[in-house]
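1. below are the sequence and a predicted model; questions follow.
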Amino acid sequence: MNPLSRRSFLHRTGMGMGALGLGPLLSQLNAGDRSLNPLAPGKTHFPARAKRVIHIFANGGPSQVDSFDYKPALAKYNGKEMPGESLKTERKTGTLMQSSFEFKQRGQCGIWASDLFPMVADMADDLCIINSMFANVPNHEPSLMLMNTGAERVNLVRPSMGSWITYGLGTENENLPGFVSLCPGGVPIVETQNWRSAFLPGAYQGAHIDTKNTQVAKLIPDIRNPRMTMDLQRRQLDLIQEMNHQDMAANGFDADAEARIHSLELAYKMQMEATDVFNVEREPAHVRELYGDTLHGRQMLIARRLIERGVRFVQVWHGAGQPWDSHNEIAKEHGRLAGEADRPIAALLADLKQRGLLEDTLVIWGGEFGRTPTVELPTPGANDANTKLGRDHNHHGFTMWMAGGGAKGGFQYGKTDEFGFKAVENPVHVHDLHATILHLLGFDHEKLTYRYAGRDFRLTDISGHVVKDLIA
Amino acid sequence: MIGFVTQRQPRTATLLLGVSLTGIALLRAEEKVEAKNAETAVAFAPAQIEFFEKKVRPLLAESCLDCHTGTKSKVGLELNHREGWLAGSDYRKVIDLKEPAKSVLIRAVSHTGEKGIPSMPEKGDKLSAEAVATLTEWIAMGLPWPVEKEKPAAANDPRQHWSYRPVKPAPLPADAGHPIDHFIRKAQVAAGVVPAPRADRATLYRRLHFDLLGLPPKYEDLKRFVEDPRPDDEAYNALVDHLLASPHYGERLARLWMDIARYADTKGYEGAGRERRFIYSYTYRDWLINAFNEDLPYNQFLLYQLAAEQLVDANGPDKRHLAALGFLSLSKNGSQDEILDDRIDTTFRGTMALTVSCAKCHDHKFDPVSTKEYYSLYGIFLNSLAVDTPTIGEPKPGPEYDAYLKGLAEKQKKIDDFLSPILEKLKKEHPTLANNQGALMGKVDREDRRKLTNLEGERDKFIADSGLEPDKAIVLRDREKPINQHVFIRGNAGRPGELAPRQFLSIASENGVVKPFEKGSGRLEMAQAIVHPANPLTGRNLVNRVWMWHFGEGIVRTVDDFGIQGERPDHPELIDWLANWFVENGSSVKKLHRLILTSETWKQQSSNPKTTENMLVDAENRLLWKFKKKRLELEQMRDGMLDVSQNLDPAMFGRPVEILDPGYKNRRSVYAFIDRQNLNPTFRNFDFSNPQETTGKRQNTTIPMQALFTLNNSFVMDQAEILAKKSEANPDRIAALHRAVFARDPSESDRQLGESFIAAFGGETSAMGKRQTNTEWSYGWGDIDPGTKKVVFHPFEHWIKNVWQVGKERPLKNDPLSYLYADNNGSAHPGHTARESLIYEWRAPDDLVVAVSGEIFRSNVGKGNGVHVKVATTKDGVIYDQVLVPAKDKMAVNLAEVKIAKNECLYFIVDPHEKDSSFDSVRWNPQITDLGGHWPRWGMAESYSGPATPSSTWGAYAHALLNTNRFLFID
């Protein structure tokens, strides 16, 4: 007997409800009731440009002046004191340091980008580069929190952006979690707080997947029954549902009990789909080759498979801790990191585009902040005495890019100063970025709220302006 | 708390009553109000109004109003109405009516560049000289502005909001019967809804059991109650008393209160090297359990939690009450400001359902709580920040304890040895600080401080891990000489405003009168004010929470917000009557339970024959026309599973334990280790409270992740197997299992379903035979029998470090099987000859037509003689046969269509080819696709797993019962 033919219980429950003479009234009450099914699709405030998001998090803080923010003056002033205002960052820095990466103009748009990310840079015509991002402080924890939750104080518990978006949009595929956070090898600093749902229901928390684990069944807790095959489990489930059904017929309809009957079926299907989605072996060889047979290639491909199946928000972290934090030997370190990520990211963009998914999938790339154009100095107690040729944290100005999902391609927005230190033209605060992301998803960031502890909370707290210029 | 935008509430005279306005006060807010009152009713000449409309209004719209409109105005300066101009910003006045040119605002728009005068507008162009002149002239006229539609200003005095009014119980008529039923029936009759009949004894027994103890009933106990010859009420009332006297009652109630107290065993996020655990958090939890079991009067219960150290003798017999302070001290860590805010929020939302934290940056937008009052409370907590851990238990002497003390001394010595030379050196460098340890510590350099943190972290970890320290309370201590707290304007510590004397909230004080506290921090006096009979919120809050614990919803559904933004009570007379009754009855929580549980309202069925009619009037069941069916909470579910399998460890109290992950303990869930920072996602999946902040009401969601847990988690299946094993001796196993799980006998239909399940599941299991794994795949070696042409398959017998292989060691010495293995990414190696071929076996779970795909890789290109690759079926023998030659690194192995019957097998065979197995490492991950489209694809690597511990048939049956709604819901 195949499993689908046994699914009749679902239909039967529906009929059971009708048989009690309550059908129309109760199904109306039940339909789209998000207290019963928190992941039911939600309504946007206005038509959306993007339906889903992939946020590629270069955690640790990638350098803008070595990637997408071209500053010829750095070469000219290499080794010299930076003229003008000195800005405070986490540690002591010295003179200006030129980039080791060569910049050239890319694509039809002619945007300058370095060969740190050669393949991504060559897709400049699809990128909407924001050179004037800024945050509040030069420290990882608060900046991560700001980027992920809109509230930088580490101990202030706010839902993550992915949770907000899943809360707003629900999911298009109940067989998978609505929000997935891919992070290989462990967790970033501040840990699971990065994808927590806080006061939003647990259904909106990010499901963390350690993509370093190649055993599919171990990626999601309890996704497989370790003691019976699926056909035996189907038989067991049939017994459970039959008893549930008989009890409901005897005791009368109950919406919560009905919801649980439904969720058992979803869980059964999820076992198949969730293991399937992480199995990149299913992809044709040419697609796997496009992404590359590496950890990052695999996780970027998983990201595409997830959003393709209706997951709303996928966050792809570079790795545990803060890999992009190149205080030392940035040319070597950034070179290695970008070497891992460049092809997979470019492949993702190309693949999404080829499938027509880029149109309504918003891809975001960036860190929690950028890095200084000046060189970090060895300071006893602060860093390694051998620190050299690295860059310190910089929240005054940094670069992020978006692609697809209604973001303007081949477009560069905002400017930092002559040396790439501080955002000076059209500065975009993290709150503004959040407001813009929500806007692209069809939400007014001031109206996507949740009542908690007597107040209406929102991702952008009391700030944020939609940057209309970024929208195609 | 992050502040919401500033909105000034016009204050009424009553609001200011009792607030002591000292001479020092320079309160902008009050000034702004005065300005508003003094200047509102001014009439202007039409020409002046025209001047405003033509010249000034366009100018404002163009240059000012983007940032200075309404409640979101920058620095609180609202320029979109006349009162806003008069009131000024949060920091100062901006216009000078007498000398308009000297107005701050005029200087700002003139870009004078003076210190403290910002150049405005911040965005956009500087105003022309003409525009500045216009503004100056307009100010000189006295700000003519047309009379605009009056804002619906606080027409309703917020003090008249229901929850701020004194508790006034309505008198009960003599024939009222049960008071709760009296009020509820009255509302039902008025609305025309019909209550449900009383539930039967068995249903009530189970409901009571879970409600009061958090545990399922036992079959024999339930039976005894059902058969109790006494009249219903008599038997029932005796049962309520019996359950209230159970020690498990305290465990259930403590956990409910722990949601309010945002209980956790860790502090939250901590930097590297620091110990996150509190070490003694559990003493608070244990105190709660005892307090509920002893029915400590509620006012005493709160007083201890807020100020125990000032109420009990630390050396006397009551010292155990010190642990009550965990309510405050177990706050999440953070900056001082965050800790204080958390304590204020937990205290006032928890005990009074009042969101005072909203008043941190601005006067509360809705409720009568001013920023100054917030900082009055802030000052109280600021002066009780010091944490101390007095011992309240006894050490357990013995060799283990001695070893612990020795170990601890070593850890401490490491710290001292590290620190003393540093301090010696610093003392020489800073002789003036020689006697000031604190100041000297401040001079320790960053690297040394990091090392010191690590050493201290190691010591603390040692203490926490050992669990041998005697019990200690985590208490707060008042500062000896209290420091005075000022208002932080807009929540900014860098902008101190007027002094905020340590005193209580006027809204919750008798007649609104408050006076500064006199004793230390004032924390004890604050606690006394919270429990004061005149406080209208405390009693209502408690009865509402207990009501919610029994009915699933509060009388006020927003249980931690009784403010203007919260919901109104569904039964206002009832909540007041209960609040008053509660206090009159000695604030006994147990008596309150008894009152609620003996009402007919609570005893209703969870279904109602008049559902359709009632739903049309009251779809949300606010009139309580039926009992709300409730899904078991995480703790009830887990404890219930342990209990029905007679596997629950009834030990009470003590250090927290792991309750779900492997290595879990069978203790009750109230003893779970709660990791505030990285809470096990399963907890949240089941709507467990967020341990970061006080939780009034848990979410109630139904999501597939919950079902995945109950269907697949080892904890659940372990209990099911134990349960099944215990039923073995019983000749009627189905009945035995139903009695254990549901405390009821199975119905005839249950029995039939059970029997047919046992037959079918058992039949399928035996047809499958003994399996190596629980998937369709097995891994092993063998050959094709030359006679029968059938596959001879020997499953590997050893699972070593996640690899299936022949023996414990690999390779085996001088053995043709020496290199055989298969691992999780499809990598494998055959034995010496075709007789020792590598084989993956796949068993069909159904009659199927499948396709086979995948590539086989061989890494040693050009070396050896290649491998012989075959696919065979049980029935037809070999159906695919190809050699992967040495020159090639891979070969596709595809079969378009293979018919296979249920429980027959497909074999994937790698023969080393011509008895030469050198360089024969391969990687092969065959994929099998159901062409019927019903089954997911099977991949060898995706399914790869270790040895089977299959569910027994009866275990699977018991597991099914644990997964039914009948078990997981309370009717």
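-> Looks like it arrived, so ask away. As the structure is a computational prediction, the values presented were derived from the model and not from experiment.
2. what residues does the stretch 151-300 of chain B put near chain A?
-> For the stretch 151-300 of chain B, the residues in contact with chain A (C-beta under 8 Å from any C-beta of the partner chain) are B:Gly268, B:Tyr269. (Glycine included, C-beta is placed from N, CA and C.)
3. what residue in the stretch 151-300 of chain B comes nearest to chain A?
-> B:Tyr269 (5.4 Å; C-beta to the nearest C-beta).
4. confidence score at that residue?
-> According to the prediction, B:Tyr269 has pLDDT 82.
5. tell me how many other residues surround it.
-> B:Tyr269: 21 surrounding residues under other C-beta atoms under 10 Å in any protein chain shown.
6. tell me who's in contact with it.
-> Shown in contact with B:Tyr269 (C-beta atoms under 8 Å, 6 or more residues apart in numbering or on different chains): A:Glu141, A:Val154, A:Asn155, A:Val190, A:Glu191, A:Gln193, B:Asn333, B:Gln677.
7. now, the residues you listed that are in helices?
-> A:Glu141 (DSSP state H).
8. looking at the contacts of B:Tyr269, which one is closest to A:Asp444?
-> Proximity of the contacts of B:Tyr269 to A:Asp444 (C-beta to C-beta) peaks at A:Gln193, which lies at 26.4 Å.
9. show the pLDDT at that closest one.
-> At A:Gln193, pLDDT is 85.
10. these two touch, right, it and A:Val154?
-> Yes. Using C-beta atoms under 8 Å, A:Gln193 is in contact with A:Val154, at 7.4 Å.
11. show me whatever sits in contact with both of those two.
-> Counting by C-beta under 8 Å, 6+ apart, the common neighbours of A:Gln193 and A:Val154 are A:Met145, B:Tyr269.
12. related to what we said a few turns ago, Three-state assignment for the residue of the stretch 151-300 of chain B closest to chain A, please.
-> At B:Tyr269, secondary structure determined by DSSP: H, G, I helix; E, B strand; the rest coil is coil.
13. how far away is it from A:Ala151?
-> Counting by C-beta to C-beta, to the nearest Å, the gap from B:Tyr269 to A:Ala151 is 14 Å.
14. before we move on, what about B:His593?
-> 39 Å.
15. B:Leu382 now?
-> In terms of C-beta to C-beta, B:Leu382 sits 23 Å off from A:Ala151.
16. now B:Ala291: closest residue in space, sequence neighbours ignored.
-> Of all residues not flanking B:Ala291 in the chain, B:Phe301 sits nearest, at 5.6 Å (C-beta to C-beta, 6 or more residues apart in numbering or on different chains).
17. contact partners for the one you found?
-> B:Phe301 sits in contact with B:Ala291, B:Ala324, B:Val589, where contact means C-beta under 8 Å, 6+ apart.
18. reformat the residues you listed as a markdown table; add neighbour count and pLDDT.
-> Listed next are the contacts of B:Phe301 as a markdown table, based on neighbours: other C-beta atoms under 10 Å in any protein chain shown; pLDDT from 0 to 100:
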| residue | neighbour count | pLDDT |
| --- | --- | --- |
| B:Ala291 | 25 | 98 |
| B:Ala324 | 30 | 98 |
| B:Val589 | 22 | 98 |
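19. need those in a markdown table with distance to A:Gly162, can you?
-> As requested, the contacts of B:Phe301 are exported to a markdown table (distance: C-beta to C-beta, whole Å):
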| residue | distance to A:Gly162 |
| --- | --- |
| B:Ala291 | 40 |
| B:Ala324 | 39 |
| B:Val589 | 41 |
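20. could you chop chain B up by domain?
-> B:13-140, B:159-394+B:470-636+B:664-671+B:680-694, B:399-468, B:637-663+B:672-679+B:695-766+B:955-970, B:773-945 (automatic domain parsing).
21. looking at those, which has the lowest confidence?
-> Among these, domain B:13-140 has the lowest mean pLDDT, at a mean of 74.
22. beta partners of B:Gln882?
-> Beta-bridge partners recorded for B:Gln882 (DSSP bridges): B:Val869.
23. next, work out how far apart the closest residue to B:Ala170 other than its chain neighbours and A:Arg158 are.
-> Distances taken as C-beta to C-beta, 6+ apart place B:Glu573 nearest to B:Ala170, at 4.8 Å, with adjacent residues excluded. Distance, B:Glu573 to A:Arg158, by C-beta to C-beta: 39 Å.
24. and what of B:Asp345?
-> 14 Å.
25. equivalent analysis for B:Lys515, please.
-> 38 Å.
26. next: A:Lys92.
-> With C-beta to C-beta as the criterion, A:Lys92 and A:Arg158 are 32 Å apart.
27. list the buried ones in the longest helix belonging to chain A?
-> The longest helix of chain A (DSSP H) is helix A:330-354. Buried positions in helix A:330-354, judged by neighbour count with 16 or more other C-beta atoms under 10 Å in any protein chain shown: A:330-331, A:333-335, A:337-338, A:340-353.
28. neighbouring contacts of the helix or strand just after that helix?
-> As assigned by DSSP states H and E, the chain's next helix or strand after helix A:330-354 is strand A:361-366. Residues from elsewhere that reach strand A:361-366, judged by C-beta under 8 Å, 6+ apart: A:49-58, A:62, A:120, A:133, A:147, A:307, A:345, A:348-349, A:352, A:398-407, A:437, A:440-441.
29. for stretch A:415-423, same thing?
-> Residues outside stretch A:415-423 that contact it (C-beta under 8 Å, 6+ apart) are A:64-65, A:69, A:71, A:73-74, A:77, A:82, A:84-85, A:87, A:96, A:131-134, A:372-374, A:394, A:396-398, A:414, A:424-426.
30. helices - which of these land there?
-> A:Ala73, A:Leu74.
31. most remote residue from the chain's center?
-> Using chain A. For chain A, the residue at maximal distance from the C-alpha centroid (C-alpha atoms, centre = their mean) is A:Ala250, at 46.2 Å.
32. oops, I was thinking of chain B
-> Note on chain B: the largest C-alpha distance from the chain mean falls to B:Gly787, namely 65.6 Å (C-alpha atoms, centre = their mean).
33. so where does that one fall, helix or strand?
-> Going by DSSP H and E, B:Gly787 is not in any helix or strand.
34. returning to what we had before: of the contacts of B:Tyr269, just say which sits nearest to B:Gly467.
-> B:Gly467 has its nearest neighbour among the contacts of B:Tyr269 in B:Gln677, at 20.9 Å by C-beta to C-beta.
35. before I go, just wanted to say thanks for your time.
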